[in-house]
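Undergrad: give me a model of this one.
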Amino acid sequence: MNKKILLIISISILVFNVLGQEKYFQFFTSEISVETHTYATKDGENLEMDIYLPQNDPDTDRPMIIYVHGGGFQGGTRNSEDIVQFCTNLAEYGYVVASISYRLTRKDQPGGFGCDCPASEKLATFDAAVADIQDATFYLIQNHEYLEIDPQNFILAGSSAGAEAVLITAYSPPVCYDLPSGPVAYAGVIGMAGAIPDTSIIYGESAIPSLFFHGTDDNLVPYATAPHHYCETNKPGYLVLHGSHTLAQKLEKLNVPYWLHTTCGGGHEMAGKPMTEYFDEVVDFCYNFVLKENGESRHTIVKSEKQNQKYEQFNFCEQ
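TA: Below is the predicted model of the structure:
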């Protein structure tokens with residue numbers, strides 16, 4: 001065989017092998033260490049995070065994923081079995097992952113976080129969670145050299161109450177963390193059954209690539225725009241929230257890439273389901289939309305169940 005042809009074939013095989021084992025898109029390592037850090041102390045409570053670190057990794061500017069658990073701001077933990085598995089799986093792809101605790105300000109409070117919880121207290125609860133996420137971010141940035149992470153490549157992810165908190169945080173203005181590179185904006189956000197109370201916070205400078213998982217029949221956090229928990233207007237907890245469908249429409253107008261993953265007839269189980277059943281979609285988003293910055297807006301429609309007439313109807317579920 002001609003030596004020149006043989007060389008071309010060899011180079012092609014080498015390139016194929018490298019691309020076939022692309023870090024952050026495919027499995028990288030099974031050696032993961034977990035460290036628990038206290039990132040703040042508030043109201044006498046230590047707020048901790050579990051940091052999942054891929055081992056034997058020569059890179060010193062790795063992307064960071066911060067995960068925030070759900071539980072209605074009154075329950076849930078950062079280290080439940082499903083979250084540990086999710087964070088471990090992400091770390092095995094090369095990401096550094098932090099699962100954080102935050103103040104559960106509605107724990108043991110009358111009305112919980114439902115229709116008997118005054119709207120003003122719901123908004124204050126959001127504010128407290130956002131402040132905690134920002135403090136966790138600050139801690140990670142302060143330790144970015146030790147953790148070998150890139151402060152300009154932080155991705156937020158959250159489920160249910162955690163999704164509400166990360167979405168509000170992600171679309172907030174960039175924060176200055178005393179870095180030479182300037183203020184830090186999050187590089188992307190993943191909301192699993194989340195919503196926000198005010199879409200005006202999303203504008204040209206604050207909009208970032210977003211992945212939304214939601215069911216059309218979520219009875220707690222609306223898929224489009226509706227009252228939180230579908231509370232009646234005369235209830236103290238009446239508060240209109242804007243869910244994944246509405247947020248995707250806003251990003252569409254701003255020409256910012258998003259991925260809306262809709263389960264027709266799906267309920268609030270979409271707060272946890274993506275961590276297992278749609279893990280590949282999570283990795284795809286982090287790699288293509290955030291790290292490679294070449295994602296194009298998508299709408300994935302899963303027609304698993306018939307829509308309940310109680311909730312807003314969407315034609316794409318019937319087509």
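Undergrad: tell me who's in contact with Thr38.
TA: If a contact means CB atoms under 8 Å, 6 or more residues apart in numbering, then Thr38 has Asn46, Leu47, Glu48 as its contacts. C-beta here means a position set from N, CA and C on the backbone, and glycine is covered the same way.
Undergrad: what's the closest of the residues you listed to Val282?
TA: Distance to Val282 across those (CB to CB) is lowest for Glu48, with 23.7 Å.
Undergrad: so where does the closest one fall, helix or strand?
TA: Element membership of Glu48 [criterion: DSSP states H and E] is strand 45-54.
Undergrad: who does whichever helix or strand comes after that strand pair up with?
TA: Counting by DSSP H and E, the next helix or strand C-terminal to strand 45-54 is strand 62-68. Strand pairing for strand 62-68, determined by DSSP bridges: strand 96-100 (parallel), strand 149-159 (parallel).
Undergrad: could I get the contacts of Thr38 as a markdown table with neighbour count, distance to Val282 and pLDDT?
TA: Converted to a markdown table, these look like this (neighbours: other CB atoms under 10 Å; distance: CB to CB, whole Å; pLDDT from 0 to 100):
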| residue | neighbour count | distance to Val282 | pLDDT |
| --- | --- | --- | --- |
| Asn46 | 10 | 29 | 98 |
| Leu47 | 20 | 25 | 98 |
| Glu48 | 18 | 24 | 98 |
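Undergrad: closest to Thr199 among the residues you listed?
TA: Leu47 (28.8 Å).
Undergrad: surely the closest one touches Thr36?
TA: No - contact between Leu47 and Thr36 fails when scored by CB atoms under 8 Å: they sit 11.4 Å apart.
Undergrad: Glu305 - nearest residue in space that isn't next to it in sequence?
TA: Gly265 (2.9 Å; CB to CB, 6 or more residues apart in numbering).
Undergrad: that's a helix at that neighbour, yeah?
TA: No - under DSSP: H, G, I helix; E, B strand; the rest coil, Gly265 falls outside any helix and is assigned coil.
Undergrad: check contacts around it.
TA: Here Gly265 is in contact with Gly215, Thr216, Asp217, Lys303, Ser304, Glu305, Lys306, Gln307, Asn308, Cys317 (CB under 8 Å, 6+ apart).
Undergrad: need phi/psi at the second one.
TA: With angles defined as degrees, to the nearest 10, Thr216 shows backbone torsions of phi -70, psi -20.
Undergrad: returning to what we had before: which of the residues in the strand holding Glu48 are classified as buried?
TA: For strand 45-54, the neighbour count (16 or more other CB atoms under 10 Å) marks Leu47, Glu48, Met49, Asp50, Ile51, Tyr52, Leu53, Pro54 as buried.
Undergrad: save those residues as a markdown table, and put in distance to Pro110 too.
TA: As requested, the buried residues of strand 45-54 are arranged in a markdown table below (distance: CB to CB, whole Å):
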| residue | distance to Pro110 |
| --- | --- |
| Leu47 | 24 |
| Glu48 | 28 |
| Met49 | 30 |
| Asp50 | 31 |
| Ile51 | 36 |
| Tyr52 | 37 |
| Leu53 | 41 |
| Pro54 | 44 |
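Undergrad: Asn89: which of those is nearest?
TA: Closest approach between these and Asn89, by CB to CB: Tyr52, at 9.5 Å.
Undergrad: can you pull the contacts of the closest one?
TA: Ile32, Ser33, Val34, Cys87, Thr88, Leu90, Ala91, Val96, Val97, Ala98, Ser99.
Undergrad: quick check: Phe27 vs Val283, distance?
TA: 10 Å (CB to CB, to the nearest Å).
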